[in-house]
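1. Make a model of this:
(chains A and B)
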Number of protein chains: 2
Amino acid sequence: MPTAVPPVSPASAAAGPPDLSSLVIGVLGGTGDQGRGLARRLALAGQRVIIGSRDAGRAATAAATVGSASQVTGADNAGAAAAADVVIVAVPWEGHKELLASLASELAGKVVIDCVNPLGFDKRGAYPLPVPEGSAAQQAAAVLPDSIVVGAFHHVSAVLLLDPGVSRLDLDILVLGDDRAATDLVQGLAALLPGARGIYAGRLRNCGQIEALTANLVSVNRRYKAHAGIRITDV
Amino acid sequence: MPTAVPPVSPASAAAGPPDLSSLVIGVLGGTGDQGRGLARRLALAGQRVIIGSRDAGRAATAAATVGSASQVTGADNAGAAAAADVVIVAVPWEGHKELLASLASELAGKVVIDCVNPLGFDKRGAYPLPVPEGSAAQQAAAVLPDSIVVGAFHHVSAVLLLDPGVSRLDLDILVLGDDRAATDLVQGLAALLPGARGIYAGRLRNCGQIEALTANLVSVNRRYKAHAGIRITDV
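-> Below you'll find the model as predicted:
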């Protein structure tokens, strides 16, 4: 298995979470609301971010809306994947598999964070779509055999991420994966969102229901006129 | 569709949740930890409860451990289903379909609350089992065409329900169903558990991931040595 996580000295391992400050975060599909929102919050926390898109020009335009030019830049998806240390996948479900498969070499040896929710919508609301691999994250792992795939950031509201009036997010980010160093790293990134915690919530084989749970949050939002999130209690 | 919910006068409808005090709650599989725990907390809240089991003698023994004889009694599953106004299904997943199908006439016209989680366990932990109908609750609805099936109480820890030292449960009970009066009623029952809220979380077609989410909570409990629950934020 490739090792994508930056080396952690015994001292810093004992001291707590890995140092994330030098990591460059790529966001594939970063021109969508979810991708732009995550890019914005990570940049606000001090992280260098590269927004990726099919169109490098649109990526640059999106980058300019969420951070300073020294901190957030745009590139095509392949360029963002190649230049980043850790890559967030925030693309539409349609085309997810094909895009990732096309970037397998750029993403090799890296932690890839999948936050895609395979959902359908009809007049009764949202519902989970069947995924042959079990989940979007498992599909990513299947087409990226040389990357370390982690599932996270499924439930955070793009509206809240992008709202300059929201200084604190009231939710936990559930982090799923089979590699402890990688899930630790992503929990650290999740904790950069103000108010949020990164909570380990199981192996990748248990990611399907986390993605599907977004359909329930859509139902909650409709019923209660809310931007619902999830907190894990007793942790 | 049969109407199982007690009549609500216009005045009380306007005043808020339905009056639950006169409802007798049956708990099928009530000798298991989850069933006994729910019976105990509902009895503590003042509800009359009938614990059902394959063996009426074992049901009576279990009843005696969770409440006074005037408030909690035991019966065989068919007797509990017939005598109760609202029935909680807390049986093992194995045999779930067959048991409910055998009780279809006793359960006709009633609200049936399914809290069963179809999970498998191996050395890596818990994982969701495939369910042809989509979820245990949808399976219940398929074999109980004359009942109103609601999914709820999937995530509440039996340990906490049974612990006399725990006076308050820190979690929300997610309630799923297609009949508004029935989900309102179950939200009211959920709120009888001290500290808990009943939150509407979607239609029955979105119950599979709620059941499966229990596997994630098992992972959380292992990692953090917790009895994890879920809270919905911004509601």
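2. how about low-confidence regions in chain A?
-> Low-confidence segments of chain A (pLDDT under 70): A:1-17.
3. ok, which stretches of it are strands?
-> Assigned by DSSP state E, chain A shows strands spanning A:24-28, A:48-53, A:72-76, A:86-89, A:111-114, A:119-122, A:125-128, A:148-151, A:172-175, A:197-200, A:229-233.
4. quick one: which of the ones you listed is nearest B:A226?
-> Nearest to B:A226, of all the strands of chain A, is strand A:229-233, at 8.1 Å by C-beta to C-beta. C-beta coordinates here come from the backbone N, C-alpha and C atoms, glycine included.
5. Each with direction, which strands does that closest one pair with?
-> If you go by DSSP bridges, strand A:229-233 pairs up with strand B:229-233 (antiparallel).
6. longest helix in chain A, by residue count?
-> If you go by DSSP state H, chain A has its longest helix at helix A:208-224.
7. coming back round to it: of the strands of chain A, give the one that comes closest to B:P132.
-> Distance to B:P132, taken as C-beta to C-beta, is lowest for strand A:125-128 among the strands of chain A, at 15.8 Å.
8. list the helices and strands the closest one packs on?
-> On a contact count with 3 or more C-beta pairs under 8 Å, 6 or more residues apart in numbering or on different chains; DSSP states H and E, strand A:125-128 meets strand A:119-122, helix A:208-224.
9. Could you pull out the buried residues of that strand?
-> Judged by neighbour count using 16 or more other C-beta atoms under 10 Å in any protein chain shown, the buried positions of strand A:125-128 are A:125-128.
10. residues contacting the residue nearest to A:A80 when sequence neighbours are not counted?
-> Nearest residue to A:A80 in three dimensions, chain neighbours excluded: A:G52, at 2.9 Å (C-beta to C-beta, 6 or more residues apart in numbering or on different chains). Residues near A:G52 by C-beta atoms under 8 Å, 6 or more residues apart in numbering or on different chains: A:26-30, A:59, A:74-81.
11. Turn the strands of chain A into JSON lines, including distance to B:S21.
-> JSON lines is the format used below for these (distance: least, C-beta to C-beta, whole Å):
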{"stretch": "strand A:24-28", "distance to B:S21": "54"}
{"stretch": "strand A:48-53", "distance to B:S21": "56"}
{"stretch": "strand A:72-76", "distance to B:S21": "58"}
{"stretch": "strand A:86-89", "distance to B:S21": "51"}
{"stretch": "strand A:111-114", "distance to B:S21": "48"}
{"stretch": "strand A:119-122", "distance to B:S21": "39"}
{"stretch": "strand A:125-128", "distance to B:S21": "33"}
{"stretch": "strand A:148-151", "distance to B:S21": "44"}
{"stretch": "strand A:172-175", "distance to B:S21": "36"}
{"stretch": "strand A:197-200", "distance to B:S21": "38"}
{"stretch": "strand A:229-233", "distance to B:S21": "28"}
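12. residues from chain A in reach of chain B?
-> A:124-128, A:170-171, A:174, A:176, A:199-203, A:205-206, A:208-210, A:212-213, A:215-220, A:223-224, A:226-235 (C-beta under 8 Å from any C-beta of the partner chain).
13. what about the closest residue to A:V87 other than its chain neighbours, how many residues close to it?
-> Nearest non-adjacent residue to A:V87, counting by C-beta to C-beta, 6+ apart: A:G26, 4.2 Å away. Using other C-beta atoms under 10 Å in any protein chain shown, A:G26 has 30 other residues around it.
14. Name whatever forms a beta bridge with A:G26.
-> Per DSSP bridges, the residues bridged to A:G26 are A:I50, A:V87.
15. from what I can see it touches A:I50, true?
-> Yes - with contact defined as C-beta atoms under 8 Å, A:G26 reaches A:I50; the gap is 4.8 Å.
16. Return every residue with contacts to both of these two.
-> Common neighbours of A:G26 and A:I50 (C-beta under 8 Å, 6+ apart) are A:80, A:83-84.
17. would CSV of those with neighbour count and distance to A:T183 be doable?
-> CSV is the format used below for the shared contacts of A:G26 and A:I50 (neighbours: other C-beta atoms under 10 Å in any protein chain shown; distance: C-beta to C-beta, whole Å):
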residue, neighbour count, distance to A:T183
A:A80, 29, 23
A:A83, 16, 24
A:A84, 25, 18
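18. from memory A:A63 sits against A:G74, does it?
-> Yes - counting by C-beta under 8 Å, A:A63 touches A:G74, with 4.1 Å between them.
19. tell me, what's touching those two both at once?
-> A:30, A:50-51.
20. Quick check: the gap between A:L28 and chain B.
-> Note on A:L28: its distance to chain B, by C-beta to the nearest C-beta, to the nearest Å, is 25 Å.
21. Correction: the previous question concerned A:D55.
-> 34 Å.
22. what do you get for A:D85?
-> 25 Å.
23. for that residue, what are its contacts?
-> Neighbouring residues of A:D85 by C-beta under 8 Å, 6+ apart: A:6, A:22-25, A:110.
24. what does A:A84 give?
-> Contacts of A:A84 (C-beta under 8 Å, 6+ apart): A:24-26, A:50, A:110.
25. What's the ChimeraX syntax to select whichever of these are buried?
-> Buried subset of those, written as a ChimeraX selection, criterion 16+ other C-beta under 10 Å:
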select /A:25,26,50,110
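26. how about the helices in chain A?
-> Along chain A, the stretches classed as helices by DSSP H are A:10-15, A:33-44, A:56-66, A:77-83, A:96-102, A:104-107, A:136-143, A:158-162, A:180-190, A:208-224.
27. Dump those to a markdown table, plus distance to B:L185.
-> Formatted as a markdown table, the helices of chain A follow (distance: least, C-beta to C-beta, whole Å):
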| stretch | distance to B:L185 |
| --- | --- |
| helix A:10-15 | 52 |
| helix A:33-44 | 36 |
| helix A:56-66 | 46 |
| helix A:77-83 | 50 |
| helix A:96-102 | 40 |
| helix A:104-107 | 50 |
| helix A:136-143 | 36 |
| helix A:158-162 | 32 |
| helix A:180-190 | 37 |
| helix A:208-224 | 16 |
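28. Tell me the buried residues in stretch A:100-109?
-> Neighbour counts over stretch A:100-109 (16+ other C-beta under 10 Å) mark A:100, A:103, A:106-107 as buried.
29. of all those residues, which two lie farthest apart?
-> Pairwise distances across those (C-beta to C-beta) peak at 10.2 Å, for the pair A:L100 and A:E106.
30. residues near A:I148, how many?
-> The number of residues near A:I148, taken as other C-beta under 10 Å, comes to 26.
31. Check the contact between it and A:D184; I expect there is one.
-> No - counting by C-beta under 8 Å, A:I148 does not reach A:D184; the two are 11.7 Å apart.
32. circling back to that earlier point, show me which pair in the contacts of A:D85 is furthest apart.
-> Farthest pair in these, by C-beta to C-beta: A:S22 and A:K110, 14.5 Å.
33. Any figure for the gap between A:H96 and chain B?
-> The spacing between A:H96 and chain B, counted by C-beta to the nearest C-beta, is 19 Å.
34. Contacts only, for that residue.
-> A:89, A:116, A:118, A:136, A:139-140.
35. Tell me the spatial nearest neighbour of A:Q71, not counting adjacent residues.
-> Sequence neighbours aside, A:A43 is the residue nearest to A:Q71 in space, at 5.0 Å (criterion: C-beta to C-beta, 6+ apart).
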